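Asks: Mind folding the following:
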Amino acid sequence: MDTIIITGQSLTLENIVAVCREDAPVALSEEAKERIAASRAVVDQLVEDEAVVYGITTGFGKFSDVPISHDECKLLQKNLIITHAVGAGEPFPKEVVRGMMLLRVNNLAKGFSGVRPIIVKTLIDMLNKGVTPIVPQKGSLGASGDLAPLSHMVLPMIGLGRAEVGGCVMLGNEAMKRAGIKTVELVAKEGLALINGTQAMTSVGALALYDAIDCMKLADVAAALSFEANRGVEDALDPRVHALRPHDGQMQTAENLRKMLYFSRNVTQQGEVRVQDNYSLRCVPQVHGASRDALEYIKRKVEIEINSVTDNPIVFEDTNEAISAGNFHGQPMALAFDFLGIALSELANISERRLEHLVNPNLGGFPAFLVKNGGLNSGMMIVQYSAASLVSENKVLAHPASVDSIPSSAGQEDHVSMGTIAARKASEILSNVRRVLAMEFMCVCQAIDLMGGRRKLGKGTKPAYLAIREVCKTLKNDRPLFEDINRCEAVLKDGSLLRSVEEAVGELN
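Replies: Residues are numbered from 1 along each chain as shown. Purely as a prediction, here's the structure:
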């Protein structure tokens, strides 16, 4: 696997996924090494001169006016980490913690943080040798950055905390020793440089965003299959209609549906079966398209954040200054990840309505709950219940975290972002959305079988139908459906269904 070269300026979503999920190796560029060394020289000089600089020769937060002597600088940095590592809840998944480490390396590589090269090397060695700190999910206010989770990330570096190596969780010093990595003693500025930033929220949110982009395409595939099952009126997809309201996402969604429905003999023209469809079919371009535009906005914000400096103070090597400011504040990500949760929730909302249209005989005209011999068989009845429950849960989770703020550090830090909560909620919503889509895929393929439409499917809907039928057979009599849903969800999550569609019609928007 190709090594990801860290420059501080060129990290992508795809790079993050490669390192977090595929264990791609990481290395620093030579230019980054030079910037790191130059930045450290400035900090060393400030300490030598006993200049008053926040977090270097002073305490933190409310204690920013408390001077720290030259001899106490090391203890200050250690105390910062051990007192700030007070997270709560279950640990983050391994991929999220690897993302935190990678993003912190990229931040430090820009050369504005004042750490020694050994600090960055240690983080890179941990990534490359598979040492993953155990980091609780809860406890961050999102300003001054993700202090609690990032402190847990740092603990094994100094021989404390816990970490996973080779699938085994052990004490931090044992994990580092097993991997052949020396622990470090933090010196002036280094503890603060490692934890003052948005890397926890951004790691969670970036991975959720990457998956959401595929989920967005899968929602279009599910909608196209629902067009097939309902003999949908394809006039609503006419490009002339969408050119009159030229939101990019709306036009792209309509194009995706046209691609997949090409050659379909199930879809109809206006007036052939009905004049117009219900909103959950007719308005797919408008609803899905709005979420698609939201994801594009969020992607731009994440791409800026992952290549930004979120430190405090920021060290400027060219002028030998360390300026205290607020780049650690998570508000840009908090709003973006709240928006991500809302945009994803809408995909499940409309998917569940399409599912209801299939199982309700008063709406879609199919046998009640998509099964013959109803009464003895309940068919897909409770599938809709489960989908409705997930949709309702998403509505609760989609309440913005960023509208809340609780002052901290005795009022010194009087506005915080709650961005990490926003990211975690978006990730949970994503899981619920994928589950609802799996239910729609299962139900719509059943409906297509009942209406005898499998041989009339379009260029892109046919491979999607076949991908589901490989893991979930037509329901003739009641059987445990949770296993079918699990298998449908698996082909959505592993990308195999989407790949089969894109191999047939080309890449979807």
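Asks: from here on, contacts and neighbour counts on C-alpha atoms
Replies: Will do.
Asks: who touches the residue most central in space within the chain in this structure?
Replies: Nearest residue to the geometric centre of the chain (Cα atoms, centre = their mean): Ala208, 1.5 Å. Contact analysis of Ala208 by Cα atoms under 8 Å, 6 or more residues apart in numbering lists Ala423, Ala426, Ser427, Leu430.
Asks: wait, which of those residues is closest to Leu497?
Replies: Leu497 lies nearest to Leu430 out of the contacts of Ala208, by Cα to Cα, at 17.6 Å.
Asks: Now the closest one: which helix or strand?
Replies: Using DSSP states H and E, Leu430 falls within helix 419-450.
Asks: which one of the contacts of Ala208 is nearest Ala200?
Replies: In terms of Cα to Cα, no member of the contacts of Ala208 lies closer to Ala200 than Ala423, at 9.0 Å.
Asks: Could you tell me how far that closest one is located from Leu11?
Replies: 19 Å (Cα to Cα, to the nearest Å).
Asks: before we move on, what about Val396?
Replies: For Val396, the distance to Leu11 equals 33 Å [Cα to Cα].
Asks: likewise Ser408?
Replies: On the measure of Cα to Cα, Ser408 and Leu11 end up 32 Å apart.
Asks: do the same with Gly452
Replies: Applying Cα to Cα, the value for Gly452 to Leu11 is 49 Å.
Asks: The two: who's more crowded?
Replies: Legend: neighbour count by other Cα atoms under 10 Å for Gly452 and Leu11, higher for Leu11 (19 against 12).
Asks: Does the more buried one touch Ser308 like I think?
Replies: No - Leu11 lies out of contact with Ser308 (Cα atoms under 8 Å); the separation is 10.1 Å.
Asks: still on that earlier bit, just checking, what packs against the helix holding Leu430?
Replies: helix 199-229, helix 331-359, helix 381-397, helix 461-469, helix 481-493 (3 or more Cα pairs under 8 Å, 6 or more residues apart in numbering; DSSP states H and E).
Asks: Export these as JSON lines, with columns for mean pLDDT.
Replies: Shown next, in JSON lines, are the helices and strands packed on helix 419-450 (pLDDT from 0 to 100):
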{"stretch": "helix 199-229", "mean pLDDT": "98"}
{"stretch": "helix 331-359", "mean pLDDT": "97"}
{"stretch": "helix 381-397", "mean pLDDT": "97"}
{"stretch": "helix 461-469", "mean pLDDT": "98"}
{"stretch": "helix 481-493", "mean pLDDT": "97"}
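Asks: So which of those helices is nearest Ile36?
Replies: helix 199-229 (18.7 Å).
Asks: Pull the distance from that closest one to the chain's centre.
Replies: Chain-centre distance of helix 199-229: 10 Å, with Cα atoms, centre = their mean, to the nearest Å.
Asks: go on, stretch 180-191?
Replies: Using Cα atoms, centre = their mean, the offset of stretch 180-191 from its chain centre is 30 Å.
Asks: Now do that stretch: distance from first to last residue.
Replies: For stretch 180-191, the end-to-end distance is 22 Å (Cα to Cα).
Asks: outside of it, which residues touch it?
Replies: Counting by Cα under 8 Å, 6+ apart, 43-44, 47, 55-57, 73-74, 76-78, 80-81, 114-116, 119, 122, 125-126, 156-159, 173, 176 sit against stretch 180-191.
Asks: before we move on, what about stretch 223-239?
Replies: Residues from elsewhere that reach stretch 223-239, judged by Cα under 8 Å, 6+ apart: 251, 254-255, 257-258, 260-261, 264, 266-270, 273-277, 281-285, 351, 354, 358, 364, 441, 444-445, 447-448, 451, 453, 457, 461, 465.
Asks: Buried ones from these, can you make that a PyMOL selection?
Replies: Command for PyMOL that selects the buried part of the contacts of stretch 223-239, burial taken from 16 or more other Cα atoms under 10 Å:
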select buried, resi 251+254+255+257+258+260+261+264+266+267+268+276+277+281+282+283+284+285+351+354+358+364+441+444+445+447+448+451+453+457+461+465
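Asks: quick one: contacts of stretch 432-440?
Replies: Stretch 432-440 is contacted by residues 215, 218-219, 222, 344-345, 347-348, 351-352, 354-355, 383, 387, 390-391, 394, 485-486, 488-489, 492-493 when judged by Cα under 8 Å, 6+ apart.
Asks: List the residues that contact Ile56.
Replies: Val43, Val47, Ile68, Cys73, Ala188, Lys189.
Asks: Try it again at 6 Å.
Replies: Ala188, Lys189 (Cα atoms under 6 Å, 6 or more residues apart in numbering).
Asks: Just confirm it is within a strand.
Replies: No - going by DSSP: H, G, I helix; E, B strand; the rest coil, the assignment for Ile56 is coil, not a strand.
Asks: Could you measure from it over to Asn362?
Replies: 70 Å.
Asks: And the pLDDT for the residue nearest to His242 when sequence neighbours are not counted?
Replies: Spatially, and ignoring its direct neighbours in sequence, His242 is nearest to Met251 (5.6 Å; Cα to Cα, 6 or more residues apart in numbering). On pLDDT, Met251 comes in at 98.
Asks: Could you check how far Met251 is from Leu244?
Replies: 10 Å.
Asks: Same check on Ala143?
Replies: Remark: distance between Ala143 and Leu244 (Cα to Cα) = 43 Å.
Asks: now Phe339
Replies: Going from Phe339 to Leu244 by Cα to Cα gives 26 Å.
Asks: Of these two, which one has the most company?
Replies: Using other Cα under 10 Å, the more surrounded residue of Phe339 and Leu244 is Phe339, with 23 against 9.
Asks: Now that one. Nearest residue, chain neighbours left out?
Replies: Sequence neighbours aside, Ala294 is the residue nearest to Phe339 in space, at 7.1 Å (criterion: Cα to Cα, 6+ apart).
Asks: Tell me if that neighbour really is in a helix.
Replies: Yes - counting by three-state DSSP, Ala294 falls inside a helix.
Asks: and it, what pLDDT?
Replies: Confidence score, pLDDT, at Ala294: 98.
Asks: re the thing from before, reformat the contacts of Ala208 as CSV; add pLDDT.
Replies: Converted to CSV, the contacts of Ala208 look like this (pLDDT from 0 to 100):
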residue, pLDDT
Ala423, 97
Ala426, 98
Ser427, 98
Leu430, 98
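Asks: Next, format those residues as CSV and append neighbour count and distance to Lys299.
Replies: Formatted as CSV, the contacts of Ala208 follow (neighbours: other Cα atoms under 10 Å; distance: Cα to Cα, whole Å):
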residue, neighbour count, distance to Lys299
Ala423, 31, 13
Ala426, 30, 14
Ser427, 24, 15
Leu430, 25, 15
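Asks: ok, so of those, who is nearest Asn477?
Replies: Of the contacts of Ala208, the one sitting nearest to Asn477 (Cα to Cα) turns out to be Leu430, at 31.4 Å.
Asks: any idea how far that closest one lies from Thr253?
Replies: From Leu430 to Thr253 the distance is 19 Å (Cα to Cα).
Asks: and what of Val436?
Replies: As defined by Cα to Cα, Val436 lies at a distance of 19 Å from Thr253.
Asks: Same check on Gly379?
Replies: 31 Å.
Asks: Could you do Arg231 as well?
Replies: As defined by Cα to Cα, Arg231 lies at a distance of 19 Å from Thr253.
Asks: okay, the two: which has more neighbours?
Replies: Higher neighbour count among Arg231 and Thr253: Thr253, with 27 against 23, using other Cα under 10 Å.
Asks: Just give me how far whichever strand or helix holds that one sits from the chain centre.
Replies: Secondary structure assignment for Thr253, by DSSP H and E: helix 248-261. Counting by Cα atoms, centre = their mean, helix 248-261 is centred 24 Å from the centre of its parent chain.
Asks: Counting by contacts, list what it packs against.
Replies: With contacts taken as 3 or more Cα pairs under 6 Å, 6 or more residues apart in numbering; DSSP states H and E, helix 248-261 sits against helix 284-305.
Asks: Just the buried residues of the helix it packs on, please?
Replies: Buried residues in helix 284-305, counted by 16+ other Cα under 10 Å: 284-295, 298-299, 301-303, 305.
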